[in-house]
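Engineer: Here is my input, please return the structure:
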Amino acid sequence: MERTTGPDRKPLTLRRSRSTADVAKTPALGRLAAVLAAAAVLVFAPGIAQAAFTGMNSGSTSVGTMSLPAPTGVSVTATCIARNLSIIVVSHGTVPRATSYDFTVTNPGGGNMQTSNWTYTKATAAKGTWTYQIHGLYQASPTNVWTGQPFQGTVVC
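Structural biologist: Just a heads-up that it's a prediction; the model follows:
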């Protein structure tokens with residue numbers, strides 16, 4: 001099939017893109033004007049953006065808190081015989097949403113004592129009222145741990 005054009009139609013012409021050689025023919029004044037125009041757009045762009053964002057909207061942020069109750073079902077054996085103190089946690093109980101539990105012992109002077117394996121013993125001179133606490137813990141992130149209400153008990157030596 002042959003393509004023909006009528007007498008009233010102009011012949012097809014192709015436009016070519018500007019090559020690097022064509023750009024070199026652009027007058028220096030034209031290039032300077034283009035650079036200045038681009039610089040003006042960049043300088044005044046923040047003003048344009050500020051004008052575009054003048055509306056206001058408000059909303060409330062939802063913030064929640066979580067309260068962990070004291071453990072239930074706790075079983076502790078605490079004795080002081082001849083000033084030898086022994087506190088053994090048989091069961092730390094349960095707390096809804098808790099990811100772990102801790103056990104602390106406070107001496108009569110108010111200092112917290114280290115515990116290991118849910119057991120605390122003091123072999124000599126345990127005198128006064130000793131307090132122990134078990135907390136449920138919820139770890140929201142590595143640096144954010146929520147501590148629940150304590151299950152608390154005392155032993156008098």
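
Engineer: In the protein, what helix or strand scores lowest on average pLDDT?
Structural biologist: Of all helical and strand segments in the chain, the minimum by mean pLDDT, DSSP states H and E falls on helix 20-24, at a mean of 57.

Engineer: Any idea what the residue sitting nearest the centre point of the chain is bridged to?
Structural biologist: Nearest residue to the geometric centre of the chain (C-alpha atoms, centre = their mean): residue 141, 6.9 Å. Judged by DSSP bridges, the bridge partners of residue 141 are residue 144.

Engineer: before we move on, what about residue 79?
Structural biologist: According to DSSP bridges, the partner residues bridging residue 79 are residue 86.

Engineer: got a list of what residue 91 touches?
Structural biologist: With contact taken as C-beta atoms under 8 Å, 6 or more residues apart in numbering, residue 91 is in contact with 73-75. Quick note: C-beta positions are derived from backbone N, CA and C, even for glycine.

Engineer: If you rank those residues by neighbours, which is first?
Structural biologist: Most neighbours among the contacts of residue 91, by other C-beta atoms under 10 Å: residue 74, with 17 neighbours.

Engineer: confidence score at that residue?
Structural biologist: Residue 74 carries a pLDDT value of 95.

Engineer: ok, the nearest residue to it once chain neighbours are set aside - contacts?
Structural biologist: Excluding the flanking residues, the one nearest residue 74 by C-beta to C-beta, 6 or more residues apart in numbering is residue 93, at 3.9 Å. Contact analysis of residue 93 by C-beta under 8 Å, 6+ apart lists 71-75, 134, 151.

Engineer: What backbone torsions are found at residue 93?
Structural biologist: Phi and psi for residue 93, reported as degrees, to the nearest 10, are phi 80, psi -160.

Engineer: same check, this time on the one 3 residues further on
Structural biologist: In terms of degrees, to the nearest 10, the main-chain angles of residue 96 are phi -60, psi 140.

Engineer: Does it touch residue 70 like I think?
Structural biologist: No: Residue 96 lies out of contact with residue 70 (C-beta atoms under 8 Å); the separation is 11.4 Å.
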